[in-house]
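**Q** here's my sequence, what's the structure:
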Amino acid sequence: MNEELSRMHEAEAAKEAKERKLADLLELSIEVSERKEAFPFSGLDPEEYAKIKATDEEYPGFSTPVDEMIAKFEEQGMRLALSTFDSQKGNAYIIPGDMEPTQKNIEDWGLKPENFEITNDMDESLKKLIEVAKDYKKLKF
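**A** Reported below is the predicted structural model:
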């Protein structure tokens, strides 16, 4: 009985931690997206790049190739856009800096914040957003 109760408390604590991270992610996403600012491209996390590249190769033509996306990010920088679908669930995407944050551009060019590297010279709000997104992704189950 105590073991079952302990598991229930752990599950509840995990759920609360996930909800707190989601609230932080939403707050930061709104803050950064409302600035409508383009930031220098920080690069993609190498592990995330490998996963996206593998998907590109497995499903050619299904989405914008990651290397084409990187070229556009290097040219234009990056900005945060909130999806019009379930934005209250943390559906924030990073798109090339010169693009309007339309749903079409998000679908064609958007990558999740956790796909990006964090650099020392990065805007502090964007850095925090990417950190929280990476932490939130780890909590999903």
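**Q** and for Leu25, the neighbour number?
**A** Using other CB atoms under 10 Å, the number of residues around Leu25 comes to 23. Any C-beta I mention is one placed from the backbone N, CA and C, and that applies to glycine too.
**Q** sorry, that was for Glu31
**A** Around Glu31 there are 14 residues (other CB under 10 Å).
**Q** so it is in which element?
**A** Following DSSP states H and E, one finds Glu31 within helix 2-34.
**Q** helices or strands next to the next helix-or-strand element following that helix in the packing?
**A** Where DSSP H and E defines the elements, the next helix or strand beyond helix 2-34 is helix 46-58. Under the contact criterion of 3 or more CB pairs under 8 Å, 6 or more residues apart in numbering; DSSP states H and E, helix 46-58 touches helix 66-76.
**Q** could you give the average pLDDT over the helix it packs on?
**A** Mean per-residue pLDDT for helix 66-76: 97.
**Q** what do you get for stretch 122-131?
**A** 94.
**Q** distance from the chain centre to the helix holding Glu31, please.
**A** Between the centre of helix 2-34 and the centre of its chain there are 17 Å (CA atoms, centre = their mean, to the nearest Å).
**Q** and that helix, average pLDDT?
**A** Helix 2-34 comes out with an average pLDDT of 82.
**Q** many thanks, we can stop here.
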